[in-house]
Every structure is written in C-alpha cells, then in structure tokens.
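>>> What follows is a predicted protein model with its sequence.
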Amino acid sequence: MFHFKKNNMNVSNLQENHPLLLDYLQDKGYSYCQIQWIKRCIKLVLDTGSLPEIDSYEQLYWHEVKRRGYKESAPVRKTLRYILGNVKEFDQKGVFPGRGLNHGFLAPPKSYDLLVEGYKSIVDHYVN
C-alpha cells in the first residue's frame with residue numbers, strides 16, 4: 001500500500017523575507033495593532049503552515065478558525081482572513097499590503113478571471 005505525503009505549505013520564502021514586510025509596515029505608518037496582527041499571522045504560518053494537514057493558506061485559515069472556535073459572526077474571523085490574506089499575497093507574489101485593497105483571500109474569483117483567453121481578448125479590445 002502506498003501512502004502519499006500531502007504537500008505542505010512552503011514557508012521558507014516567508015521565513016526569509018518577513019522582516020521586509022514588517023519594515024514596510026513600519027515605514028508606511030501602520031498602527032501598532034495592525035503590525036501585531038501581521039506578526040501573529042506570520043508566526044501562525046511559520047509554526048502551523050508546515051503541519052502535514054496544511055497545504056494552503058486557506059486550509060490554515062480554516063484550521064485556525066476551528067482550533068480557536070471562532071463563531072461565523074465573530075469579527076475576529078474577518079480580521080484573521082484579511083490579515084492572513086495580506087501575508088499570503090506578500091509571501092506568494094511579493095505584494096505589499098495596500099490600504100483598502102482587496103486581497104482576494106477566500107473570495108470567489110471575478111467573472112473576468114473565469115473567462116478563457118479568447119473572450120478576455122474580446123472584452124479587453126471592446127470599443128463602445
């Protein structure tokens with residue numbers, strides 16, 4: 001019988017580069033509370049992201065929600081989702097957080113993104 005090991009999250013990039021994110025937040029004047037939330041989420045990724053049952057930021061989010069027993073209506077869930085989404089964008093794409101920008105974490109894809117390339121081209125070149 002074969003046992004396949006799940007793909008764990010690769011946390012090495014975040015491990016190496018998270019000081020850049022923290023410096024950026026400080027330089028841009030983020031509040032102490034916001035920086036603490038980012039630090040908490042970085043620690044969560046580095047400590048828990050390498051568990052065998054975790055192979056994505058989305059799984060990590062749900063694992064933490066379940067572990068802490070957050071109710072669906074709890075505001076802390078939205079904060080965790082938002083901040084963890086910012087950490088994901090930085091880790092995987094090198095994108096620093098921007099105030100008011102949607103990170104797309106656990107959000108359905110935009111309709112445009114679901115189109116095949118041919119239709120995207122039509123939309124991109126449409127002249128009214």
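Alright, I've got the coordinates.
>>> Isn't residue 42 up against residue 88?
No - using CB atoms under 8 Å, residue 42 is not in contact with residue 88, being 11.0 Å away. In this view, the C-beta of every residue, glycine as well, is placed from N, C-alpha and C.
>>> contacting residues around residue 115?
Each residue near residue 115 by CB atoms under 8 Å, 6 or more residues apart in numbering is listed here: residue 123.
>>> Following the chain onward from the least confident helix or strand in the chain by mean pLDDT, which element is next?
The helix or strand with the lowest mean pLDDT-type score in the chain, counting by mean pLDDT, DSSP states H and E, is helix 111-114 (a mean of 74). Note on helix 111-114: by DSSP states H and E, the next helix or strand toward the C-terminus is helix 117-125.
>>> Output that following helix as PDB, restricted to C-alpha atoms.
Output of helix 117-125 as PDB, limited to C-alpha atoms (Å, rounded to 0.1, in the frame of the first residue of the first chain):
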ATOM      1  CA  GLU A 117      -8.200  33.900 -23.100                       C
ATOM      2  CA  GLY A 118     -10.200  34.400 -26.400                       C
ATOM      3  CA  TYR A 119     -13.100  36.000 -24.500                       C
ATOM      4  CA  LYS A 120     -10.800  38.100 -22.400                       C
ATOM      5  CA  SER A 121      -9.300  39.500 -25.600                       C
ATOM      6  CA  ILE A 122     -12.700  40.400 -26.800                       C
ATOM      7  CA  VAL A 123     -13.500  42.200 -23.600                       C
ATOM      8  CA  ASP A 124     -10.100  43.900 -23.500                       C
ATOM      9  CA  HIS A 125     -10.500  45.200 -27.000                       C
END
